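Enquirer: my questions concern the predicted model and sequence given below.
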Amino acid sequence: MSTVIAQTRFSVLDRSRTREGHDGPQALRDSVRLAQQLEALGSFDRFWVSEHHSVPGVAGSAPTVLAAAVAAATSTIRVGTGGVMLPNHQPLVVAEQFGVLEALFPGRIDMGLGRSVGFTDGVRKALGRDKDDADRFEEQLAELLRRFTGGGPVHAYPAEGLRVPPFVLATGEGARIAAAAGLPVVVGDLRGREKLLAAVDRYRADFRPSVWAAQPYVVIAGTVAVADSEEAARRLLVPEAWSMAYSRTHGTFPPLAPAEDIERRARAEGGMSDKERGFYESGLRGHVHGTPEQVEAALTEVIGATGADEVLVTTSTYDRAGLLDSYRLLAALVGRDRQAVPPHAQIPRRPRIPTRA
C-alpha cells in the first residue's frame, strides 16, 4: 500500500442519483444502504449527502433529513452534508437542524456548507431566493457559526454550545472565504488540476486559525472508479458522463441509464449529436479510474501534488453492484483496519509535495 494513501483519509459523498426503472424513494433507500455497506468495510471516515432542488435525476433534496436517516442506520461512520447550500436557508434554521443531529448522534456529525442557489429562476423563486443571495454566503456563514457559540437575543437550541465540525465547499471565492473563517475546505474536481492547485495554494496562504481549526485542512473531491480492468472501471463512468452530456444539451438531468445502452447509442450512426458526443467524451476523461494498481498510482500522485488531508469520493453509476465492488477495491487500497476517527482539527497538517514542471 502506498504510504501517502495510508496516511490519507478517504470519505464518500453520495448524491442519491436515480436510475432508469427505479424511483426517487428507492434512490434514497439505496443511499442509506450504501452507508451501511461502507461502514462495514471500515476504511471510510465519512458519508456525506447532497442538496439538489427540482433535479429529476437526483433524489437528495433535504440533506439534513437524509443525514438523520443515515446516522440512525449506522453507528461509527461520520455523517454529514456535502453540502447544505446556505444561501437557500436561514442560518438559524440550519444551526437548529445540525444541533438536533449532533444531539441525537454525538460526535458523528459534519456540517458541509456550499454557496450555490437554485439552478433556475423557477427554482430560486420557489425557494424565495435569487442569484444575488450567493453573495451573502460569507455573512451567513459567520452568523451560522455564531449560533453555536451563543450570544444575542435569539438562541439556536439545541445547537448552542455544541461543536459540529464545519467545512466549506469551495469553488473560486469559496476558498478565500474558508481561509478567512479558519475552516476546512472541500475543493473539486480532480480533473481540473491547475484550478485545484491554485485554490489549495490560495487557501493555505490566506488561512487564519480559528476556534474551529488551528491549521488548514484540505479535502479534494472527485470521481474514483476501481475495477479488475481499466475498461470495466471506465464503464462505471459511462452513465454519469451521458447524463451530464444530456443535461448540457437538453436542459434536463435524466436518471442514470445502463452503460451498455449508452455505449450502443454511442456506436450507432446518429445515436448522438456532435454536441452530445463532445460533452459525453469529455465527461469520461480525467477521472481517477482503472485497476487497483492504476488507481493507487493516480491517487498517490494527486495527493502528493496537493498535500490533501482527505479525499472525498463522489462516484455515481447505474450498476449498484459495480459501484459497491469499486468501493470494496478502494477500501482494500485505503486499509481495512481504520476505525472512526476524531474531527479534522486533531489531524496533523500534511505538507504539499512539490511536483516537477
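Expert: It's in. Numbering: from 1, shown residues only.

Enquirer: do a quick rundown of the helices in the stretch 101-250 of the chain.
Expert: 121-127, 137-149, 173-181, 193-206, 230-250 (DSSP state H, counting those that start in this stretch).

Enquirer: looking at these, which is closest to Gln37?
Expert: helix 230-250 (16.3 Å; CB to CB). No exception for glycine: its C-beta is placed from N, CA and C like everyone else's.

Enquirer: in that closest one, what's buried?
Expert: 232-249 (16 or more other CB atoms under 10 Å).

Enquirer: and the angle for the following helix or strand past it with helix 230-250?
Expert: Using DSSP states H and E, the helix or strand that directly follows helix 230-250 along the chain is helix 259-267. Here the directions of helix 259-267 and helix 230-250 differ by 70 degrees (axes from the mean of the first three to the mean of the last three CA atoms, to 10 degrees).

Enquirer: count of neighbours near the nearest residue to Ala308 once chain neighbours are set aside?
Expert: Nearest residue to Ala308 in three dimensions, chain neighbours excluded: Ile220, at 4.4 Å (CB to CB, 6 or more residues apart in numbering). By other CB atoms under 10 Å, 25 other residues sit near Ile220.

Enquirer: pLDDT at Ile220, what is it?
Expert: We have a pLDDT of 95 for Ile220.

Enquirer: tell me the bridge partners for it.
Expert: The partner list for Ile220 in beta bridges (DSSP bridges) reads Val187, Val311.

Enquirer: before we move on, the earlier item: let's have the helices of the stretch 101-250 of the chain in CSV, adding mean pLDDT.
Expert: Listed next are the helices of the stretch 101-250 of the chain as CSV, based on pLDDT from 0 to 100:
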stretch, mean pLDDT
helix 121-127, 72
helix 137-149, 94
helix 173-181, 92
helix 193-206, 90
helix 230-250, 96
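
Enquirer: from the chain's centre, how far out does the helix or strand containing Phe10 sit?
Expert: Using DSSP H and E, Phe10 sits within strand 9-14. With CA atoms, centre = their mean, to the nearest Å as the basis, strand 9-14 stands 7 Å off its chain's centre.

Enquirer: helix or strand right after it?
Expert: helix 24-41.

Enquirer: other SSEs contacting the next helix or strand along the chain from that next one?
Expert: Toward the C-terminus, helix 24-41 is succeeded by strand 46-49 as the next helix or strand (DSSP H and E). Under the contact criterion of 3 or more CB pairs under 8 Å, 6 or more residues apart in numbering; DSSP states H and E, strand 46-49 touches strand 9-14, helix 24-41, helix 63-73, strand 78-81, strand 109-114.

Enquirer: before we move on, the earlier item: can you tell me which of the helices of the stretch 101-250 of the chain is nearest to Gln90?
Expert: Set against Gln90 and scored by CB to CB, the helices of the stretch 101-250 of the chain come closest in helix 137-149, at 8.4 Å.

Enquirer: picking up where we left off before, could you pull up the residues touching the residue nearest to Ala308?
Expert: By CB atoms under 8 Å, 6 or more residues apart in numbering, Ile220 lies in contact with 186-188, 190, 196, 200, 302-303, 306, 308, 310-312.

Enquirer: low-confidence stretches in this structure?
Expert: 1, 54, 118-121, 130, 132-134, 336-357 (pLDDT under 70).

Enquirer: circling back: out of the helices and strands packed on strand 46-49, which comes closest to Phe279?
Expert: Nearest of the helices and strands packed on strand 46-49 (CB to CB): strand 9-14, 22.4 Å.

Enquirer: who does that closest one pair up with?
Expert: In the sheet, strand 9-14 lines up with strand 46-49 (parallel), strand 310-313 (parallel) (DSSP bridges).

Enquirer: can you redo those strands as CSV with mean neighbour count and distance to Arg146?
Expert: Output for those, formatted as CSV (neighbours: other CB atoms under 10 Å; distance: least, CB to CB, whole Å):
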stretch, mean neighbour count, distance to Arg146
strand 46-49, 28, 24
strand 310-313, 24, 26
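
Enquirer: could you dump those into CSV and include distance to Pro165?
Expert: Below are the strands paired with strand 9-14 laid out as CSV (distance: least, CB to CB, whole Å):
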stretch, distance to Pro165
strand 46-49, 10
strand 310-313, 12
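
Enquirer: quick one: Leu196 and Pro216, what's the gap?
Expert: 15 Å (CB to CB, to the nearest Å).

Enquirer: and of the strands paired with strand 9-14, who's closest to Gly114?
Expert: Of the strands paired with strand 9-14, nearest to Gly114 by CB to CB is strand 46-49, at 11.3 Å.

Enquirer: count of neighbours near Ser282?
Expert: 14.

Enquirer: so it is in which element?
Expert: helix 274-284.

Enquirer: what is that helix packed up against?
Expert: helix 230-250.

Enquirer: that older thread, closest one to Val117 among the strands paired with strand 9-14?
Expert: strand 46-49 (18.8 Å).

Enquirer: contacts for the closest one?
Expert: Strand 46-49 has contacts (CB under 8 Å, 6+ apart) with 9, 11-16, 31, 34-35, 38-39, 60, 63, 66-67, 70, 74, 77-83, 110, 112, 312.
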